[in-house]
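> Sequence plus predicted model, see below.
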Amino acid sequence: MIFAKIDFINLLPFHIFIKKNIKSTQQKSIIEYKKSYPSFINNKFKKRKVDSAFISSIASRNEKYLDFGIVAQDEVLSVLLIPGIQESDFQSQTSNALAKVLDLEGKVIIGDKALKFYHENPDVIKIDLAKEWKNKYNLPFVFAVLCFNSNKKALEKVTKNFNKQHIKIPQYILEQYSKRSGVSKNNILLYLKKIDYNLGLKEKRSLKLFLNLTKEKGLK
């Protein structure tokens, strides 16, 4: 099973879980094989180059997925809009579409660099897009869902015992991610508390609403 990996901090607990719970060295190497940013992975998945991946919500329309994804219940800190700058992050289709659905204009930044920007620029005006969605619709926002082209049972087996509360991130991995991202280890841990992974009724309702709104605006 070729599994594409979004190499952002928000999936760190899941990747640690995978490492610990998949015994085969070959399987581990396959899961690590495709590693990139969201819009690139969306493209690979659509072309059936990978079996499964966390796919941006806007690209998940008509795809098969598990009740598993990347969710923010309120503010997320890693998906920001800077008003007054007409430039967006090419790496995320969903975040750019979310800004348009919320009728907001500015520069969208996502992922680890957005998290770093948030902490390094406390005086800069920035809008947390997940919080704006929550304020407007009183729903969590689903940024990505775990989609599959094949091997559904194998994927369910891998994910069924995942619980982020039980995942302890080793200090050396925290150190690696901190050096790479420029975000302190403490801020990484605080950030991960804002990320959920299970898709329940509210999350599914939110995803459906977002896809309906993007369709109305002709976004894809």
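Yep, that arrived. Predicted model only: the values in this text are computed from it and were never measured.

> Low-confidence regions, the protein specifically.
The model of the chain has pLDDT under 70 over residues 1-2, 22-37, 87-91.

> switch to 80 and redo it
1-7, 19-40, 44, 85-93, 151, 154, 158, 165-166, 220 (pLDDT under 80).

> what's near enough to touch the residue most central in space within the chain?
In the chain, the centroid-proximal residue (Cα atoms, centre = their mean) is residue 70; its distance is 4.5 Å. Neighbouring residues of residue 70 by Cβ atoms under 8 Å, 6 or more residues apart in numbering: 10, 11, 54, 142, 143, 144, 195, 197. Heads up, the C-betas are built off the backbone N, CA and C, glycines and all.

> Now render the residues you listed as CSV, adding neighbour count.
Formatted as CSV, these follow (neighbours: other Cβ atoms under 10 Å):
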residue, neighbour count
10, 25
11, 19
54, 27
142, 28
143, 30
144, 28
195, 21
197, 22
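
> This protein: strands as residue ranges?
For the chain, the strands defined by DSSP state E cover 3-6, 34-36, 52-56, 65-72, 79-83, 106-110, 127-128, 141-148, 195-198.

> hang on, the earlier thing: what is the most widely separated pair among the contacts of residue 70?
11 and 142 (14.1 Å; Cβ to Cβ).

> rewinding a little: so what sits opposite the residue nearest to the centre of the chain in the bridge?
residue 144 (DSSP bridges).

> And it, how close does it get to residue 213?
Using Cβ to Cβ, to the nearest Å, we find residue 70 at a distance of 19 Å from residue 213.

> Mind jotting down where the helices sit in the protein?
12-21, 25-31, 38-46, 93-101, 111-120, 129-137, 152-159, 171-181, 185-192, 201-216 (DSSP state H).

> looking at the ones you listed, which is closest to residue 82?
helix 111-120 (8.3 Å).

> Now do the closest one and helix 93-101, the angle between them.
Orientation check (axes from the mean of the first three to the mean of the last three Cα atoms, to 10 degrees): helix 111-120 against helix 93-101 gives 50 degrees.

> list the buried ones in helix 111-120?
Across helix 111-120, burial judged by 16 or more other Cβ atoms under 10 Å covers 111, 112, 113, 114, 115, 116, 117, 118.

> Just give me the closest of the residues you listed to residue 104.
residue 114 (14.9 Å).

> Quickly note the distance from that closest one to residue 75.
12 Å.

> do the same with residue 152
From residue 152 to residue 75 the distance is 33 Å (Cβ to Cβ).

> Which residues are in contact with residue 169?
Per Cβ under 8 Å, 6+ apart, neighbours of residue 169: 12, 13, 16, 189, 192.

> What of residue 126?
By Cβ under 8 Å, 6+ apart, the neighbours of residue 126 are 80, 81, 82, 117, 118.

> now residue 66: how far from residue 99?
Applying Cβ to Cβ to residue 66 and residue 99 gives a distance of 27 Å.

> Give me the more crowded residue out of the two.
residue 99 (21 against 18; other Cβ atoms under 10 Å).

> Surely that one is in contact with residue 109?
No - in this structure, residue 99 is not within contact of residue 109 by Cβ atoms under 8 Å, at 10.8 Å.

> who touches both of these two?
By Cβ under 8 Å, 6+ apart, the residues touching both residue 99 and residue 109 are residue 81.

> Which residue is the nearest non-sequential neighbour of residue 167?
Excluding its sequence neighbours, the residue lying closest to residue 167 (Cβ to Cβ, 6 or more residues apart in numbering) is residue 13, at 4.2 Å.
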